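Engineer: Sharing a model that was predicted from the sequence below.
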Amino acid sequence: MKELEFTTYVKRPEMLEKSVQACVPHWTINIDSRQIENELGILVYKQEVVRLEGELTYEKIVAAIINAKYSPDDQTAILMNAINPNYLTEEKEAAYYQEMKDFQEWRDKAKEIASTIIKGLPF
């Protein structure tokens, strides 16, 4: 599992931000924006970010959010561990179950975020 990139801002950012580079739209999705106190004692908003470019679709948003945290190799390993529980100790089986549960929760969150973004788009 990968660590997500994060940013901090003094003002709370929108969930979706757009910039254009070489005529191509670039999108930043801000996830779980929360107020914290930084090392200078200033209150700022910290959020995990996912970046993608081009046309926004529900599927692209979901995939980008999932892939930001779980590489394709991570996803394959989690799925294979879940469907092949033979010859595992109870501890290993519990660990694999928790991995799959965490992965499914992240997928559900990605779908929820994508739905919110798509519903809020003007087109």
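Structural biologist: Cool, got the structure. Numbers count the residues shown, from 1 in each chain.
Engineer: going forward, measure contacts between C-alpha atoms and count neighbours the same way
Structural biologist: Fine.
Engineer: State which helix of this structure is the longest.
Structural biologist: Ranked by residue count under DSSP state H, the longest helix found in the chain is helix 90-120.
Engineer: who does that helix touch, helix- and strand-wise?
Structural biologist: helix 58-69, helix 72-83 (3 or more Cα pairs under 8 Å, 6 or more residues apart in numbering; DSSP states H and E).
Engineer: in stretch 71-78, what's buried?
Structural biologist: 75, 78 (16 or more other Cα atoms under 10 Å).
Engineer: residues in contact with residue 36?
Structural biologist: 43-46 (Cα atoms under 8 Å, 6 or more residues apart in numbering).
Engineer: could you dump the worst-scoring helix or strand of the chain on mean pLDDT to PDB, C-alpha only?
Structural biologist: In the chain, no helix or strand scores lower on mean pLDDT, DSSP states H and E than strand 5-9, which sits at a mean of 88. Listed next in PDB are the C-alpha coordinates belonging to strand 5-9 (Å, rounded to 0.1, in the frame of the first residue of the first chain):
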ATOM      1  CA  GLU A   5       0.500  12.700  -1.300                       C
ATOM      2  CA  PHE A   6      -0.900  15.500   0.900                       C
ATOM      3  CA  THR A   7      -1.000  19.300   0.800                       C
ATOM      4  CA  THR A   8      -1.700  22.000   3.300                       C
ATOM      5  CA  TYR A   9      -3.500  25.300   2.700                       C
END
